[in-house]
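> I would like the atomic coordinates for the input below:
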Amino acid sequence: MGAASSHSPQPFTISPPLDVLRHIVEIAAFDDPESACSLARVSRDFQAWVEPVLYRTVVLSFKSHVANFETTIRTRRVLQKYVKDLVVRFPACLPVPLLAECCASLESLYIDVGDLNRLQDLPALPSSLKQITTCGPSYLGSLSSLPPHSNLTHLVCVGDIPRNVDQDPASFPMLTHFACHYRVQGGVASILPEMTAAQLINVLEPVLRTLLRCNTLQVFILLVQDDGCPTVPSEVQIRSRMLHDLSEYLSDDRVVLMGVPPRTVPTSNLLENWDYRTGRMWYTARRIAESRKHMYSAL
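Residues are numbered from 1 along each chain as shown. Alright, predicted model coming up:
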């Protein structure tokens, strides 16, 4: 038997380029934020790689979240530029002063249940803000409550339809996408206050009239959620009367009438559905609008 080798086996190692390693770490941080927090404690390099991912979307569900976020963002101001999407889950959590002072790079604001009128306290929205999504009935009483919003391109009202919309389209110089949502149940539209067919039309008509005059507008989504029985005469009345009285606007190829499955929670998957960059609702509506445009041009 030959003599044993004096050389011990060496482990097979791979040392990927630094940019590849960083890409791997960033993807892992997207998939598993908790592990990303642990990675941030490993080294300063890992911390610099994962923090832009961790702070890209901030969700504030309680007052304690606001306090913690405010302390962190003021103590480490370098983090402010990473915050792109802010989700506010509770009315009292809307950090109006924080928006003006510490969220200068904000691109999307989601107010899950909150009063948009509180934004009146802002002298102006962050110039980087592209989208506002507000959820919950009667929380967007008037678009006039918005502070100057020259760069706003996407506006979504889930569970409500804006009131008192009779503004010059110049108020929305960059608006390209708009969506509003309401539910039909028991013969009335489930918006506070509940609306009959005639009242619903009176609210929808000025919204359509004003926003369709915006030269920049590409898509207007009218999202209808039918939670009642489609054979009940009062609910059939809402749909048929709306289609008849608003036919002038609904025939515009930018207006997309979409249905939501019954008893769907409209505030679930807000970012997945409405993100102005990759949102599923926007993608579907654009495809419908483009197909209608091609169909009309072929006639």
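> give me the low-pLDDT residue ranges for the stretch 151-299 of the chain?
Residue ranges of the stretch 151-299 of the chain with pLDDT under 70: 163-168, 183-198, 226-244, 262-268, 296-299.
> swap in 50 and give it another go.
By pLDDT under 50, the low-scoring segments of the stretch 151-299 of the chain are 187-188, 192-193, 232.
> so which residues of it form helices?
Taking DSSP state H, counting those that start in this stretch as the test, the helices found in the stretch 151-299 of the chain are 197-211, 233-245, 247-250, 270-274, 280-298.
> so what's residue 161 up against?
180, 182, 191, 200, 203-204, 207 (C-beta atoms under 8 Å, 6 or more residues apart in numbering). In this view, the C-beta of every residue, glycine as well, is placed from N, C-alpha and C.
> farthest-separated two in those residues?
191 and 207 (12.6 Å; C-beta to C-beta).
> residue 153 touches residue 130, doesn't it?
Yes - Residue 153 lies in contact with residue 130 (C-beta atoms under 8 Å); the separation is 4.9 Å.
> what is in contact with those two at once?
Here residue 153 and residue 130 share the contacting residues residue 276, scored by C-beta under 8 Å, 6+ apart.
> outline the domain layout of this structure.
The record's domain parsing of the chain by automatic domain parsing lists 17-54, 107-298.
> buried set for the shortest one?
Residues of domain 17-54 classed as buried by neighbour count (16 or more other C-beta atoms under 10 Å): 22, 25, 28-29, 36, 39-40, 46, 49-51, 53-54.
> Throw those residues into a markdown table and include pLDDT and distance to residue 274, thanks.
Below are those laid out as a markdown table (pLDDT from 0 to 100; distance: C-beta to C-beta, whole Å):
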| residue | pLDDT | distance to residue 274 |
| --- | --- | --- |
| 22 | 72 | 30 |
| 25 | 73 | 28 |
| 28 | 73 | 26 |
| 29 | 73 | 23 |
| 36 | 76 | 25 |
| 39 | 74 | 30 |
| 40 | 76 | 29 |
| 46 | 78 | 32 |
| 49 | 83 | 28 |
| 50 | 84 | 26 |
| 51 | 85 | 25 |
| 53 | 85 | 21 |
| 54 | 85 | 22 |
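> before we move on, back to that, which one among the contacts of residue 161 gets closest to residue 86?
residue 180 (21.3 Å).
> now do the contacts for that closest one.
When contacts are counted by C-beta under 8 Å, 6+ apart, residue 180 is found next to 156-157, 160-162, 207, 221-223.
> do the same with residue 25
Contacts of residue 25 (C-beta under 8 Å, 6+ apart): 39, 46, 49-50.
> distance to residue 173 and secondary structure added to the residues you listed, as JSON lines?
Formatted as JSON lines, the contacts of residue 25 follow (distance: C-beta to C-beta, whole Å; DSSP: H, G, I helix; E, B strand; the rest coil):
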{"residue": "39", "distance to residue 173": "42", "secondary structure": "helix"}
{"residue": "46", "distance to residue 173": "42", "secondary structure": "helix"}
{"residue": "49", "distance to residue 173": "38", "secondary structure": "helix"}
{"residue": "50", "distance to residue 173": "37", "secondary structure": "helix"}
